[in-house]
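A.B. asks: sequence? don't have it. structure:
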Ligand code: HEM
């Protein structure tokens, strides 16, 4: 095979791969997602998801105490910023009920901020077992939040 036909083969293979990906790849927005770019709230949620994973990995490590406190501050900021944003689902709620829906959403987000405050306090005072057990609260607060405010 000369250079020219090798290049052609590479180009054909690349084009085939791209087409296959376009045909069979995940929908934009990821599995179970939606078309189009992430909403500002989804961007915050991704910060929460990544940060929570990191927190779970290091929460009881005394050598990372300061780093963990900084991480929790980042997570708290994401929950406060999320509170100011409206879930996509809001537009599917009848106009007359939207205020109530948003008030309930913001109250749930306050619960998340409170949970981070409690964890921060435990880490700052070296109560690592307590901090670890408080992680479970995050899980249930997120579960409730997604059940009530996330679009199916
Ligand atoms: C540590 C706690 C939480 C984590 C790790 C988390 C994680 C996530 C993730 C990974 C997504 C999907 C993002 C995407 O599709 O790109 C999401 C979406 C969402 N979450 Fe959370 N979440 C948490 C807490 C909460 C709470 C407390 C609420 C409600 C008060 C909430 C409401 C939502 C909503 C409404 C969406 C859909 C986004 C939209 O409507 O624009 N989440 N969350």
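C.D. replies: The structure has been received and is ready for your questions. Every value quoted in this text rests on a predicted model; they were computed, and no experiment measured them.
A.B. asks: What's the mean pLDDT across the helix or strand encompassing residue 146?
C.D. replies: Following DSSP states H and E, one finds residue 146 within helix 128-149. Per-region confidence: helix 128-149 scores 97 on mean pLDDT.
A.B. asks: got the residues of this structure near the ligand?
C.D. replies: Proximity of the chain to the ligand, by Cβ under 6 Å from any ligand atom, involves residues 33, 38-39, 41-42, 45-46, 48-49, 52, 87-89, 105, 108-109, 112, 138, 141-142, 145-146, 149-151. Where C-beta positions appear, they are placed from N, C-alpha and C, glycine not excepted.
A.B. asks: Derive a ChimeraX selection command for the buried subset of those residues.
C.D. replies: To isolate the buried ones among the residues of the chain next to the ligand in ChimeraX, judged by 16 or more other Cβ atoms under 10 Å, type:
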select :41,42,45,48,52,87,105,108,109,112,138,141,142,145,149
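A.B. asks: picking up where we left off before, and the helix holding residue 146, what does it pack against?
C.D. replies: Under the contact criterion of 3 or more Cβ pairs under 8 Å, 6 or more residues apart in numbering; DSSP states H and E, helix 128-149 touches helix 40-58, helix 98-124.
A.B. asks: Low-confidence regions, the protein specifically.
C.D. replies: Residue ranges of the chain with pLDDT under 70: 1-33.
A.B. asks: Break it into its domains for me.
C.D. replies: What the record gives for the chain is the domain set 1-37, 38-149, from automatic domain parsing.
A.B. asks: winner for burial among those?
C.D. replies: Counting by mean count of other Cβ atoms under 10 Å, domain 38-149 has the highest mean neighbour count of these, with a mean of 15.
A.B. asks: Who's the closest spatial neighbour of the residue in the chain that the ligand sits nearest to, skipping the chain neighbours?
C.D. replies: Proximity of the chain to the ligand (Cβ to the nearest ligand atom) peaks at residue 145, 2.5 Å away. The shortest distance from residue 145 to any non-neighbouring residue, by Cβ to Cβ, 6 or more residues apart in numbering, is to residue 108 (4.9 Å).
A.B. asks: what residues are up against that neighbour?
C.D. replies: Applying Cβ atoms under 8 Å, 6 or more residues apart in numbering to residue 108 gives the contacts 141, 144-145, 148-149.
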